[in-house]
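# what follows is a protein structure lacking sequence information:
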């Protein structure tokens, strides 16, 4: 039996992220994503109005992804979230409405770093925008959107 978690976008929700009631900080959430991507990511895709992450279906991964999806839906209800099994992979999709503001946030999701910050980076913070995604979007913008609710100009 395939279990699907689908958290649809809330109709009419403003395109703004609000972590004021979250139990974690934006930086903690980014670090959690980095650990998850480092340990289980198989691939990621940027599609029109969506970002799709495919993870190895390993013990504990589904629970971690579903927990993140629920927390994201609470702070960014204008986006839709879906977690489902596809073959040997766990697929996490984040979808947004048309528009530059939503696309900027999806770009920041796509640019999330593949590994957490470490002491061995030569003083360089992997969350500063250097990632293996081939994009020059700064994933710190996601933390900025989450903490300040500020959209790009």
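All right, it came through fine. Computed from a predicted model, the values in this text were never measured in an experiment.
# every contact and neighbour count from this point should use C-alpha atoms.
Fine.
# and the residue most central in space within the chain, which of the three is it?
Nearest to the mean C-alpha position of the chain, by C-alpha atoms, centre = their mean, lies residue 109 at 4.3 Å. What DSSP: H, G, I helix; E, B strand; the rest coil gives for residue 109 is helix.
# is it true that it touches residue 51?
Yes. Assessed by C-alpha atoms under 8 Å, residue 109 is found in contact with residue 51 at 7.1 Å.
# in a helix, residue 45, correct?
No. Per three-state DSSP, residue 45 lies outside any helix segment and is strand.
# hang on, the earlier thing: the residue nearest to the centre of the chain and residue 32, how far apart?
Going from residue 109 to residue 32 by C-alpha to C-alpha, to the nearest Å gives 13 Å.
# run through the bridge partners of residue 53.
Counting by DSSP bridges, residue 53 is bridged to residue 44, residue 92.
# could you do residue 4 as well?
For residue 4, the beta-bridge partners are residue 84 (DSSP bridges).
# list the contacts of it.
By C-alpha atoms under 8 Å, 6 or more residues apart in numbering, the contact set of residue 4 is 82-85.
# closest one of these to residue 36?
residue 83 (14.5 Å; C-alpha to C-alpha).
# that closest one: how many residues sit nearby?
One way to gauge burial is a neighbour count; for residue 83, by other C-alpha atoms under 10 Å, it gives 22.
# for the closest residue to it other than its chain neighbours, give its distance to residue 36.
In this structure, residue 83 finds its nearest non-sequential neighbour in residue 92, 4.6 Å apart by C-alpha to C-alpha, 6 or more residues apart in numbering. Applying C-alpha to C-alpha, the value for residue 92 to residue 36 is 12 Å.
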